[in-house]
Structure formats: C-alpha cells, structure tokens
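1. Fold the following for me, if possible:
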Amino acid sequence: MDLVCLHHDAHLIVVDKPAGLPAVPGRSADLQDCASSRVQHDWPDALVVHRLDMHTSGLLLFARGIEMQRRLSRAFAGRVVHKRYVAVVSGLLPEDSGVIDLPIAADWPNRPRQQVDFVNGKESITHWRVITHDVASTRIELEPVTGRTHQLRVHLAAIGHPILGDRLYAPEAVQVMAPRLLLHAAELALTHPGTGLPAQFKSAPPF
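-> Below you'll find the model as predicted:
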C-alpha cells in the first residue's frame with residue numbers, strides 16, 4: 001500500500017492515504033505500520049492533526065511541529081477547514097441534495113461501532129449532493145460540518161443508503177457490492193497556518 005506525498009513545506013504535509021492503511025498505530029502488532037509512522041520516518045517533526053478511518057482513502061494532513069499542530073487543530077475544531085468526500089452508496093437517493101442532522105455516540109457494547117443516539121449523541125451534520133447514479137447505487141459528494149467518528153458511514157446507513165463495501169454498517173448484500181469501502185477524502189481547503197493564504201488540496205477517487 002503506497003502512501004503518496006502530495007505536498008510538503010516547512011509547516012504542513014499532505015498525503016494521499018490508501019484504503020486499508022491505518023492513519024495512526026492500532027493496538028495490535030499488525031497495525032503498527034500506518035500513515036503517521038511512514039510520514040514521521042521522512043519528517044520526524046510531523047504531528048497528527050486529524051484522522052481517516054483505516055478503510056477510507058484520501059487526503060490526510062500533518063503539521064510540522066507543535067505550533068503548527070495547535071493552529072491546524074484550532075482550525076478543525078472551529079470548523080473552518082473545508083472537507084469534501086466522494087462515496088458510492090446503495091440505492092437511489094430521493095433528492096439531488098440534502099442535509100443529515102442526526103446525533104452520534106459510541107455504541108459501547110459493540111465498539112468500534114458508533115450509532116445515532118438522540119439522548120447521549122453529539123451534534124453531527126453532513127451535507128450531501130448527488131453526482132450520478134446507476135440502477136442500484138448513487139455516487140455522491142459529502143461535506144461534513146462536524147467530524148464525529150465514522151460520521152459519514154453512520155449517517156448514510158441511518159438514512160437507508162449505506163456505503164458500498166462497508167463491513168461495519170452495511171448489510172451483507174451491500175458489503176459485497178464492492179471490494180473496499182467506497183469512501184474517499186477528495187478535497188481539503190484551509191488557511192495555510194504558516195502563510196495565512198488559502199490552500200487547497202485535491203485527490204481523485206480511485207473508484
């Protein structure tokens with residue numbers, strides 16, 4: 001699984017993570033090879049700012065040093081980093097675009113699963129737009145406003161359109177429709193923490 005560096009400078013690094021590679025080390029020995037360890041091999045001052053699910057591919061951002069990590073973390077927390085994903089979901093969505101506003105919390109007895117939880121869940125908002133569709137599936141763009149764990153996967157499953165290849169939230173018939181989770185982090189747009197200028201990074205979905 002090749003990790004491709006798309007951009008690096010004195011302040012940040014952007015890589016294109018393949019599906020199946022963890023963003024950070026896992027608990028077991030077979031999950032120690034990850035995006036962060038590979039990036040830190042070449043740039044020892046690289047620090048994690050955000051994460052992608054292991055089975056999600058696409059853009060992953062690292063900070064160079066603690067001050068850049070603070071600035072970028074504040075930007076993510078302040079919801080001023082624009083994130084766009086592409087996914088292929090089961091079925092045909094009833095509209096051309098919409099918003100999913102469903103609170104999410106951990107499903108503790110079934111970790112790492114998350115769930116819609118109207119009592120204990122945190123606010124979770126996802127904007128979606130149809131790109132194209134065929135007989136049994138729809139390709140969509142997703143723009144999460146919040147950044148909850150598994151948010152896009154949980155939201156799409158909750159509205160009856162799970163992502164193809166999702167072994168955690170989709171029924172078996174949808175799981176086998178794709179060899180991997182068809183979810184890709186395609187765009188990041190932010191204010192560069194070093195220059196103060198707009199910065200945009202893109203990655204075409206490999207599916």
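2. Next, the contact list for the closest residue to Gly194 other than its chain neighbours, please.
-> Using CB to CB, 6 or more residues apart in numbering and skipping residues adjacent in sequence, the residue nearest Gly194 is His11, 3.4 Å away. Just so you know, the C-beta spots here come from the backbone N, C-alpha and C atoms, and that holds for glycine as well. Residues in contact with His11 (CB atoms under 8 Å, 6 or more residues apart in numbering) are Ala63, Arg64, Met68, His192, Pro193, Gly194, Thr195.
3. In CSV: those residues, plus neighbour count, secondary structure and pLDDT.
-> Listed next are the contacts of His11 as CSV, based on neighbours: other CB atoms under 10 Å; DSSP: H, G, I helix; E, B strand; the rest coil; pLDDT from 0 to 100:
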residue, neighbour count, secondary structure, pLDDT
Ala63, 21, strand, 98
Arg64, 21, strand, 98
Met68, 22, helix, 97
His192, 16, coil, 97
Pro193, 21, coil, 95
Gly194, 15, coil, 95
Thr195, 11, coil, 95
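4. Which of these sits closest to Arg167?
-> Within the contacts of His11, the smallest distance to Arg167 is 31.1 Å, found for Ala63 (CB to CB).
5. What pLDDT is listed against the closest residue to that closest one other than its chain neighbours?
-> Among residues not flanking Ala63 along the chain, Gln69 sits closest, at 3.8 Å (CB to CB, 6+ apart). The predicted local distance difference test score for Gln69 is 98.
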